[in-house]
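>>> Predicted coordinates and the sequence they were generated for:
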Amino acid sequence: MIGIGKKIKNQNGTTLFELIVAMAIFVVLLLAVTAIYQLVYQAQRNAVDARNTQESMRYVMEVFSKELRSAKRGDDGTCGASLVNKIYYTTGTELDFRNYKDQCVRYYLSGNSLVVERKDGATDIIATATPNEIGVSNLRFEVQEVVLKQSRVTFKADVEALNRTSNRQQLKIQTTISSRFYD
C-alpha cells in the first residue's frame, strides 16, 4: 500500500502555461485551415464564374457566327451606301451586313452589352445579344474583304461576369468567321 500512495503523490497535473501553449497551437491550426478553405472556396467561385461566362459567350458567338456566315452582299444599297459591293462593313466598333432574310443587321456595344439591331423595311428590332450578367468591353470588329475569295470578320472582345464585386474573371474572346458568300 505504501507504493500506491507514493505514485499518487508524484503525479503532477498540467500547468497553466502548458494549457495556453496547447490552445495557441490549436488556434493557429484552426486559422490556417480556415484560410485554406477560403482560398479554395474563392478559387471555385472564380472557376464557376469563368465557366458560366464562357458558356454564355459560346452561345452568343454561335448565333452571331451563324448569322455572319450566311450574310449576303449589299448590292442594292438598301442597307446603306457603305455595304454596296461588300458583304461586311465595320467602323471598328460596329459591324453592318445584310443577313439571309434580307434584313440590315448592325452589331455594336451599348454600355457593357453587345446589341444587335435588325431592320426589315420599316420594322426595327433592337435586342441585347449578351445576357445581363455578362459585361462586354473593348469590342473590335476587323473585316477582311478579299476579291474573288471569301470575306471574313474577326470579332474581339473582353468579357467578364458582372455579378461578382471582387476577383472578377476577365476573358478575352476572339473568333474569325468566314462568309459562305463567294464573289
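Right, received. Where do you want to start? Numbering: from 1, shown residues only.
>>> can you give me the helices for the protein?
2-10, 16-69 (DSSP state H).
>>> for those helices, which one ends up most surrounded?
helix 16-69 (a mean of 13; mean count of other Cβ atoms under 10 Å). For glycine as for every other residue, the C-beta is placed from the backbone atoms N, C-alpha and C.
>>> pLDDT (mean, whole number) over that one?
Mean pLDDT, computed over helix 16-69, is 90.
>>> Would you mind measuring from the residue nearest the centre of the chain to Gly80?
With distances taken as Cα atoms, centre = their mean, the residue of the chain nearest its centroid is Thr53 (3.6 Å). Computed as Cβ to Cβ, to the nearest Å, the Thr53 to Gly80 distance reads 33 Å.
>>> got it, and Lys172?
31 Å.
>>> Of these two, which one has the most company?
The neighbour comparison of Lys172 against Gly80 (other Cβ atoms under 10 Å) goes to Gly80, with 14 against 9.
>>> So that one is in contact with Arg98, correct?
No - between Gly80 and Arg98 there is no contact under Cβ atoms under 8 Å: 9.7 Å.
>>> Around the residue nearest to Asn112 when sequence neighbours are not counted, count how many other residues there are.
In space, and not counting its chain neighbours, Asn112 is closest to Gly135: 3.9 Å by Cβ to Cβ, 6 or more residues apart in numbering. Per other Cβ under 10 Å, the neighbour tally for Gly135 reads 19.
>>> Include distance to Ile125 when you put the helices of the chain into a markdown table, please.
As requested, those are exported to a markdown table (distance: least, Cβ to Cβ, whole Å):
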| stretch | distance to Ile125 |
| --- | --- |
| helix 2-10 | 93 |
| helix 16-69 | 13 |
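>>> Ok, which of those helices comes nearest Thr130?
With Cβ to Cβ, the closest approach to Thr130 among those belongs to helix 16-69: 5.6 Å.
>>> Give me the helices and strands touching that closest one, please.
strand 134-144, strand 152-161, strand 170-178 (3 or more Cβ pairs under 8 Å, 6 or more residues apart in numbering; DSSP states H and E).
>>> Run the angle between that helix and strand 170-178 for me.
Angle of helix 16-69 versus strand 170-178, following axes from the mean of the first three to the mean of the last three Cα atoms, to 10 degrees, is 20 degrees.
>>> Test my guess that Arg140 contacts Lys172.
No - the criterion here is Cβ under 8 Å, and Arg140 misses it with Lys172 at 11.0 Å.
>>> Need the residues touching each of these two.
Common neighbours of Arg140 and Lys172 (criterion: Cβ atoms under 8 Å, 6 or more residues apart in numbering): 156-157.
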